[in-house]
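# The sequence isn't on hand, but the structure is:
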């Protein structure tokens, strides 16, 4: 697997959004709209991370052991 700088950047962003969401939840008088926005952004980042990991690689796919 080759290193993808976007993967690292998105992982870092996801962690920061997660931390911000936790801080907002613990804050007295948490803003529900801010929480919704943080959760939406975090989900979008998670989907982009999934798309990066599910992208077909340039190597040939390995066959399952049962298919042999």
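It's in. These numbers were taken from a predicted model, which means no experiment stands behind them.
# what about residue 14, how many residues close to it?
The local packing of residue 14 (other C-beta atoms under 10 Å) involves 18 other residues. C-beta coordinates here come from the backbone N, C-alpha and C atoms, glycine included.
# Could you name the helices and strands sitting against the helix or strand harbouring residue 24?
Using DSSP states H and E, the element containing residue 24 is helix 5-26. On a contact count with 3 or more C-beta pairs under 8 Å, 6 or more residues apart in numbering; DSSP states H and E, helix 5-26 meets helix 32-54.
# got the angle between the helix it packs on and helix 5-26?
For helix 32-54 against helix 5-26, the angle by axes from the mean of the first three to the mean of the last three C-alpha atoms, to 10 degrees is 150 degrees.
# who's in contact with helix 32-54?
4, 6-7, 10-11, 13-14, 17-18, 20-21, 24-25 (C-beta atoms under 8 Å, 6 or more residues apart in numbering).
# Please tell me the pLDDT value assigned to the spatially most central residue of the chain.
In the chain, the residue lying closest to the centroid (C-alpha atoms, centre = their mean) is residue 46, at 2.5 Å. For residue 46, the model assigns a pLDDT of 95.
# follow-up on the earlier one: and the contacts of helix 32-54, which are buried?
In the contacts of helix 32-54, burial by neighbour count holds for 10, 13-14, 17, 20-21, 24, counting by 16 or more other C-beta atoms under 10 Å.
# got JSON lines for the residues you listed, with distance to residue 31 and pLDDT too?
Output for these, formatted as JSON lines (distance: C-beta to C-beta, whole Å; pLDDT from 0 to 100):
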{"residue": "10", "distance to residue 31": "25", "pLDDT": "95"}
{"residue": "13", "distance to residue 31": "20", "pLDDT": "96"}
{"residue": "14", "distance to residue 31": "21", "pLDDT": "96"}
{"residue": "17", "distance to residue 31": "15", "pLDDT": "97"}
{"residue": "20", "distance to residue 31": "12", "pLDDT": "96"}
{"residue": "21", "distance to residue 31": "12", "pLDDT": "96"}
{"residue": "24", "distance to residue 31": "7", "pLDDT": "95"}
